[in-house]
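K.L.:
Sequence unavailable; structure follows:
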C-alpha cells in the first residue's frame, strides 16, 4: 500500500476552495452549502475507491470499504470538515483526507482494511456556540433537547439546520456508538501550536488532551450620554468588561505555562459612538492539562469578575457553558502508534499533549483513543495563514496505515 | 399667550410612541419611517396652528407662522427628533415641542411672533456615525462629498437615504443659512447630566458647550487557536483593546472633573468563542470645556495606544474622525434669557456648561446663540429611563416665549 502525498495535497486544495469567504480563508459553518460540498467531495472520492457511506442521526458521516462491511470491528479515524470563520485549510480537514488517502491506497493495492473514516458534524463550536456536537451526540452525551436549544447565526437549531443533511432529531440519544464495532480511535490533526514546528518535530503522538471550561459573562451597567455624564457618575459595562479581560489574561501564567485563557467573543449594547454601554457580553475559554488547575481557575475567574463589577457598582451574570475535564489517551493505542513509527523507520516520535480540544476527547471514555499531531508552521491556526507540510501529513498517514494494517 | 404644559406632555408621549423598538425606548434613526412620522407630526400640528413649513436641502424642517412669513428676521429655536438606539423621550424632542407649543399658544392668543421652529436632521451621530449632519450641512461646513462617504446600518449614504425626505444632494453647500434672516438661536434641551437635578435647579442658561474629539482605533493582531496557542505566543487584538480601554478611562480625571472619555463602540474579528481576535475596532469620544485640555488629551490618547500595542508587538491605526472646539455662547442672548427669567419671576436662574454637544454649537459661529437646559432626573439619558419634569419644561417654554415676544 502506497500513500500518495500529491493526492493529499490535491484534496486539501480543493476542499479549501469550498468556503463562504473565497480568498479569505476557510468558511464552512456546519450545515451550510460549503460544508456539504466538502463532505460530499469526501464521500464521492471514497465511493470511487470502493467504499460506501452512511450518515448517523447526528449528521456524522461513516465510510468503510464495501468489501469490509459494517458488521466487523474496525479502527475509527476521522476529524471535522467545518471551520471557524476565516480558518485555515489544515484544521480538521487533515484528519479526514489522511484516512481517505489510506482507503484509496488500499483500493489500489487491492487490500481490505479494518478502517472506518468518520466526518464529525460540527467540531469548532462557532456554528452553534457549542463544540463537538456530532461526536457528543453520537457518544450519547448530548440530548435532542439540548441540541434544540442551540442556535446558529440565522437563529436555527442544529436539529432544523441539519435535517437536509441527515440529522434525525428523534433518533438522537438512541442512534449512538456501539463500542464493540471499533478497535479504537486515532484522530490525525495539526498541532495548531508552535512547539513541534520550533523543535523540528514533523509528527508526534498525543497522550493527553487539555480540559476546558467555558463561560459566558454578561455585565449590566447603565446606559447614559457620553458627553454629559461625569466620569464619577458612570456605570460603564464596557469599561468593566475591559478590566475583566485585562485581569483574566494574567491568570494562566499564575497556574502553568500549559494553561491558556481567551476572550474570543464580545458584544456591547447599544454599541453606539456616544452612549455609555449598559450591557456587555463576552466569552471565556480556559484550558489546562490539569483538572486541579481547571477547578482552581474556574473559581478564580468568578472571584475576579465579581470583585471588578462590585467595585464599579455593576452586576454580572457568569454562566459556565461547558465543563470538559482533561483526558488521558489510551496507553495501548499510544504503544501501537510508537511501534508503527519504529516499523516505519521513524525513530524518536515523541509524545505531546493537545492544547486544543478534539472529537477524540469526547470518544476517549468509550473507545481506546489516541491522536497523531502534525507540526503547524509557527503555530498559526484558525487563520488563513495556517500551514503544515504535506510530507509531514504523509508521514502521519504512514503511521496510521501501519497501525490499521498490522 | 398661555403655555399649556399638558399639550407639551401629550406631544412627548405621542412622539415617544413613534419608535422602531416599542416598549424599549425611542429608536428613531434619521431618514426612517419612525423619524419621518415624528417629523410629520410636528409639521401637522404647526400647520393646524396657522404655520407653514419648508424643508431645506439638508433635510432640516423650518416652520414659521403663515402671517409672519419668511422675509423677516426671526428667532430660531429647535433641536433634533432623531434618537440613539433605545433612547429617552426627552432628548432633542423637548427642544422641538417647546417652540411648537409657543406657536400654538401664539395662535390661540392671535399673536404673530418672530419665531422659526427648526427640526435638525440627524444630531445624535448614531445613524451615519457622524453627529449634527443637518446643522453642519445648513451651516455650510459639511459638503456633498463628505456626506456621500457616510453610511447608515444598511450601507446607504445620507444623500440617498434622505432623498425621499427632502434632501437635495446637489444643493448642499449652496442652500445654506442666511444669517440676516435670524435674530439668534435658542435651543432648549434636557441637561442629560445629574448636576441640575441634584441641586434642584429646574432650568439653567447654558453659556458654553464642551468641545469634542472623536477617534476610531483599529488594533491588528494575529488570529490563532484559543486552545493550542501558549499565552506567550499570542498577539491578541482584543486583550490589547481592553488594556487601551482601561487606560483611557483613567485619562479625564488627570485633566479636570469636566473632561469625559467614552468607548462606545467595539467590534472584534472574527469574534468567535475559540479564536484569538486579530482585529478589534473601537471608538473614542473625548470631551472637555477647555481647548487646551482637548489638545493635550488627544496627544495623550495617541501616546497611550501606541505604547500599549508596541509593548504587545501589535499595530494600531488611530484615525481622528472629529475635531470640534469648545464653544462659548453669545453674551447678549444669555443676558436676554436672564432678563426674561427675572420678568417671569424666576429668580436666580443659574448659568451652566453643556457636556453634550448640540446643534447650537455648530451655529454659534454664525448666529448669536445660547441654550436653555431642563433638569434630567439623576442625569440618566440615552436610556429609556430618561425623565424630565413637564413643569420644568413648561418653565423653559415661558423663558423662550418671553424672549421671542419681548
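P.N.:
Nice, I can see it. Here the structure is a predicted model, which means the values were calculated and not measured.

K.L.:
For chain A, just list every one of the helices.
P.N.:
A:5-16, A:33-48, A:94-108, A:133-139, A:144-149, A:158-162, A:195-198, A:237-249, A:251-255, A:291-311, A:331-343, A:359-363, A:390-405 (DSSP state H).

K.L.:
in its sheet, what does the one helix or strand in chain A whose mean pLDDT sits lowest sit against?
P.N.:
Within chain A, no helix or strand scores below strand A:224-225, which has a mean of 90 by mean pLDDT, DSSP states H and E. Strand pairing for strand A:224-225, determined by DSSP bridges: strand A:275-276 (antiparallel).

K.L.:
who touches the strand it pairs with?
P.N.:
Applying CB atoms under 8 Å, 6 or more residues apart in numbering or on different chains, the contact partners of strand A:275-276 are A:221-226, A:229, A:234-238, B:84-85, B:126, B:262, B:264, B:382. (C-beta placed from N, C-alpha, C; glycine too.)

K.L.:
average pLDDT across that strand?
P.N.:
What strand A:275-276 shows for mean pLDDT is 94.

K.L.:
per the record, what domains does chain A have?
P.N.:
In terms of domains, chain A is parsed into A:5-209+A:326-405, A:211-324 (source: automatic domain parsing).

K.L.:
how far is the last one from where the chain is centred?
P.N.:
Taking CA atoms, centre = their mean, to the nearest Å, one finds the center of domain A:211-324 at 24 Å from the center of the full chain.

K.L.:
Then stretch A:52-71?
P.N.:
Using CA atoms, centre = their mean, the offset of stretch A:52-71 from its chain centre is 22 Å.

K.L.:
Same question for stretch A:389-396.
P.N.:
20 Å.

K.L.:
Tell me the buried residues in that stretch?
P.N.:
The neighbour-count check on stretch A:389-396 (16 or more other CB atoms under 10 Å in any protein chain shown) flags A:389, A:392, A:393, A:394, A:395, A:396 as buried.

K.L.:
Stretch A:328-340 now?
P.N.:
A:329, A:330, A:333, A:334, A:336, A:337, A:338, A:340.

K.L.:
near chain B, which residues of the stretch 251-400 of chain A?
P.N.:
Contact residues, the stretch 251-400 of chain A versus chain B (CB under 8 Å from any CB of the partner chain): A:252-253, A:257-268, A:270-278, A:283, A:285, A:287, A:354-357, A:376, A:379-383.

K.L.:
So which of the residues you listed sit within strands?
P.N.:
If you go by DSSP state E, these have A:260, A:261, A:262, A:266, A:267, A:268, A:275, A:276, A:283, A:285, A:287, A:354 in strands.

K.L.:
residues contacting the last one?
P.N.:
Translated: residue A:354. A:189, A:191, A:206, A:208, A:209, A:210, A:361, A:371, A:373, B:227, B:228.

K.L.:
check contacts around the nearest residue to residue A:401 once chain neighbours are set aside.
P.N.:
Nearest non-adjacent residue to residue A:401, counting by CB to CB, 6 or more residues apart in numbering or on different chains: residue A:102, 5.0 Å away. Taking CB under 8 Å, 6+ apart, we find residue A:102 in contact with A:1, A:3, A:77, A:113, A:115, A:397, A:400, A:401, A:404.

K.L.:
Select, from those residues, the two members most distant in space.
P.N.:
A:1 and A:77 (14.8 Å; CB to CB).

K.L.:
Name the residues that touch stretch A:321-339?
P.N.:
Contacts of stretch A:321-339 (CB under 8 Å, 6+ apart): A:129-131, A:184-186, A:205-216, A:288-291, A:294, A:349, A:351, A:357, A:360-361, A:364-365, A:367-372, A:399, A:403, A:406.

K.L.:
Residue numbers of the stretch 1-150 of chain A in contact with chain B?
P.N.:
With the criterion set to CB under 8 Å from any CB, the stretch 1-150 of chain A comes near chain B through A:84, A:85, A:86, A:91, A:124, A:125, A:126, A:129, A:131.

K.L.:
Kindly recompute the last result at 7 Å.
P.N.:
A:84, A:85, A:86, A:124, A:125, A:126, A:129 (CB under 7 Å from any CB of the partner chain).

K.L.:
Scan the residues you listed and report the most crowded one.
P.N.:
Neighbour counts for the residues of the stretch 1-150 of chain A next to chain B peak at residue A:84, which has 30 neighbours (criterion: other CB atoms under 10 Å in any protein chain shown).

K.L.:
can you give me phi and psi for that one?
P.N.:
phi -70, psi 170 (degrees, to the nearest 10).

K.L.:
Distance of residue A:383 relative to residue A:390?
P.N.:
19 Å (CB to CB, to the nearest Å).

K.L.:
go on, residue A:231?
P.N.:
In terms of CB to CB, residue A:231 sits 57 Å off from residue A:390.

K.L.:
Next: residue A:186.
P.N.:
In this view, residue A:186 and residue A:390 are 20 Å apart by CB to CB.

K.L.:
Count the residues that sit near the residue lying closest to residue A:320 once chain neighbours are set aside.
P.N.:
Leaving aside its sequence neighbours, residue A:320 sits nearest to residue A:215 (CB to CB, 6+ apart; 5.4 Å). Residue A:215: 20 surrounding residues under other CB under 10 Å.

K.L.:
OK, contacts around residue A:215?
P.N.:
Going by CB atoms under 7 Å, 6 or more residues apart in numbering or on different chains, residue A:215 touches A:284, A:301, A:318, A:319, A:320, A:321.

K.L.:
List buried residues within these.
P.N.:
Buried, going by 16+ other CB under 10 Å: A:284, A:301, A:318, out of those.

K.L.:
tell me the pLDDT at the closest residue to the first one other than its chain neighbours?
P.N.:
This points to residue A:284. Nearest non-adjacent residue to residue A:284, counting by CB to CB, 6+ apart: residue A:215, 4.1 Å away. pLDDT recorded at residue A:215 is 98.

K.L.:
Next, find the distance separating residue A:215 from chain B.
P.N.:
The gap separating residue A:215 from chain B is 10 Å, by CB to the nearest CB, to the nearest Å.

K.L.:
again, but for residue A:6
P.N.:
In terms of CB to the nearest CB, residue A:6 sits 28 Å off from chain B.

K.L.:
same deal with residue A:184?
P.N.:
Plainly put, residue A:184 is 23 Å away from chain B if you go by CB to the nearest CB.

K.L.:
residues contacting the nearest residue to that residue once chain neighbours are set aside?
P.N.:
Leaving aside its sequence neighbours, residue A:184 sits nearest to residue A:368 (CB to CB, 6+ apart; 3.8 Å). The contact partners of residue A:368, by CB under 7 Å, 6+ apart, come to A:184, A:330, A:332, A:333.
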